[in-house]
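In: Coordinates for the following, if possible.
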Amino acid sequence: MKKILIFVAMLSPVLGIAQKKLVYPKSFDLIVGAYTSGNSKGIAVYRFYTETGRLAYLSQIDNVSNPSYLAVSSNNKFVYAVNENDNGEVSSFSFEPKTGQLTFINKVSTLGGSPCYISVDKNQKNLFVANYSGGNIAVLPLNEDGSIAPASMTLKDNGHGINKERQEKAHVHTAVLSPDEKYVLYTDLGTDKINITKYKGGKNNQIVPATPAFVSVKPGYGPRHLAFSNDKKYLYLITEMGSSVIVFDYNNGKPKQKQDISLLPDGFKGATGAADIHISPNGKFLYATNRGDANDISVFSINPENGELTFIDRKSTGGKGPRNFVIDPTGKYLLVANQNSDNIYVFQIDEATGKLIRVVSRIEVGNPVCLKFAPAM
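Out: Here you go, the predicted structure:
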């Protein structure tokens with residue numbers, strides 16, 4: 001019997017019994033959110049080809065005001081977009097992956113001004129929206145047809161930071177679900193905090209402050225975006241004003257800071273504005289963009305033993321104002337939205353070192369600020 005078991009174990013990689021290699025589609029839909037105050041009129045959709053890193057235009061839906069951040073439902077049927085205006089709204093669209101067509105469904109208030117971030121839970125029950133100028137997070141229930149119901153609750157942050165121009169009041173910047181979706185974390189650039197809430201679901205009080213209800217970072221840092229490690233043990237924060245990445249141990253809604261690493265080269269004295277942060281699909285590397293006079297993306301390796309970062313490389317994003325970026329699911333390409341130069345650059349990733357080794361393509365897009373991938377079925 002032992003010999004038979006050993007023989008089967010040896011054959012298992014061939015038969016696919018013990019090891020299963022991930023098979024990715026050859027193409028994805030790239031959905032692009034933008035500011036419509038410039039050369040864009042709405043949300044554009046492109047077909048992205050994983051074999052070449054090339055993009056082909058599919059469609060665009062116009063007359064969508066400032067769809068600056070997007071979320072795609074887990075069933076790939078709906079796209080949600082904030083309308084980053086003073087009155088604050090969020091729009092829903094049905095999505096057809098084969099053609100890339102978006103169809104407007106409805107729009108509702110976010111109960112706060114300048115919504116700049118949106119996320120949706122896996123069960124398609126609620127949207128979570130960060131209202132930047134409103135200084136609050138809003139929860140909006142979803143209907144089965146993808147339409148958005150009126151906001152069911154908000155949580156408002158209070159206070160201010162040491163920078164009188166940028167931190168005169170609360171400025172909520174993200175609303176991110178933890179990997180187990182037991183918590184919703186939202187950053188506040190104005191008060192230098194990551195706020196932590198328990199996600200209860202249901203119809204009433206979907207989120208409630210956790211214990212502790214927040215963690216603070218260095219005054220004047222301006223917390224912006226968050227990313228969880230693939231093993232869910234670590235949380236990474238990019239600080240817009242501090243131009244740094246902060247590493248936290250993460251355990252059941254309790255982040256504990258352990259490292260603070262700069263995005264800037266020694267002696268840098270220009271304007272900055274750190275923007276986005278993501279981790280490679282293989283979990284080995286972290287990437288972070290910086291705007292202002294930097295206009296670059298930094299690459300770090302992730303220590304698998306403790307989650308800490310080591311700087312690897314820094315590369316120009318090819319344009320100005322690198323706002324949002326995305327790594328394709330195969331891990332071979334990184335796409336950067338350069339807001340102020342109206343283009344998207346596609347970089348090839350060296351999967352062994354994590355470095356961006358060359359530009360494989362670029363497209364002209366008006367004011368791109370958010371990139372989201374969806375399977376092209």
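
In: Please verify my assumption that Y236 contacts A227.
Out: Yes: between Y236 and A227 there is a contact under CB atoms under 8 Å: 4.7 Å. For glycine as for every other residue, the C-beta is placed from the backbone atoms N, C-alpha and C.

In: Looking at the two, which is more packed in?
Out: Y236 (25 against 19; other CB atoms under 10 Å).

In: Name the helix or strand for that one, please.
Out: strand 234-239 (DSSP states H and E).

In: Pairing partners for that strand, with directions?
Out: strand 223-228 (antiparallel), strand 244-251 (antiparallel) (DSSP bridges).

In: if I look at L70, how far off is R54?
Out: 22 Å (CB to CB, to the nearest Å).

In: which of the two has more neighbours?
Out: L70 (23 against 16).

In: Neighbours of the residue nearest to that one when sequence neighbours are not counted, how many?
Out: Ranked by CB to CB, 6 or more residues apart in numbering and with sequence neighbours excluded, the top spatial neighbour of L70 is G33, at 4.5 Å. By other CB under 10 Å, 30 other residues sit near G33.

In: Check which helices and strands whichever strand or helix holds G33 is in contact with.
Out: Using DSSP H and E, G33 sits within strand 27-34. On a contact count with 3 or more CB pairs under 8 Å, 6 or more residues apart in numbering; DSSP states H and E, strand 27-34 meets strand 42-49, strand 70-72, strand 368-375.

In: any idea how far the second one is from the chain center?
Out: Using CA atoms, centre = their mean, to the nearest Å, we find the averaged C-alpha position of strand 70-72 to lie 9 Å away from the chain's own average C-alpha position.

In: The last one too?
Out: On the basis of CA atoms, centre = their mean, strand 368-375 sits 9 Å off its chain's mean C-alpha point.

In: what about P322, distance to Q167?
Out: 23 Å.

In: neighbour-wise, which of the two wins?
Out: The neighbour comparison of P322 against Q167 (other CB under 10 Å) goes to P322, with 28 against 22.

In: Please name the nearest non-neighbouring residue to the more buried one.
Out: Distance criterion CB to CB, 6+ apart; nearest residue to P322, sequence neighbours excluded, is T289 at 4.3 Å.

In: That neighbour contacts D276, correct?
Out: Yes: here T289 reaches D276: they are 4.9 Å apart, a contact under CB under 8 Å.
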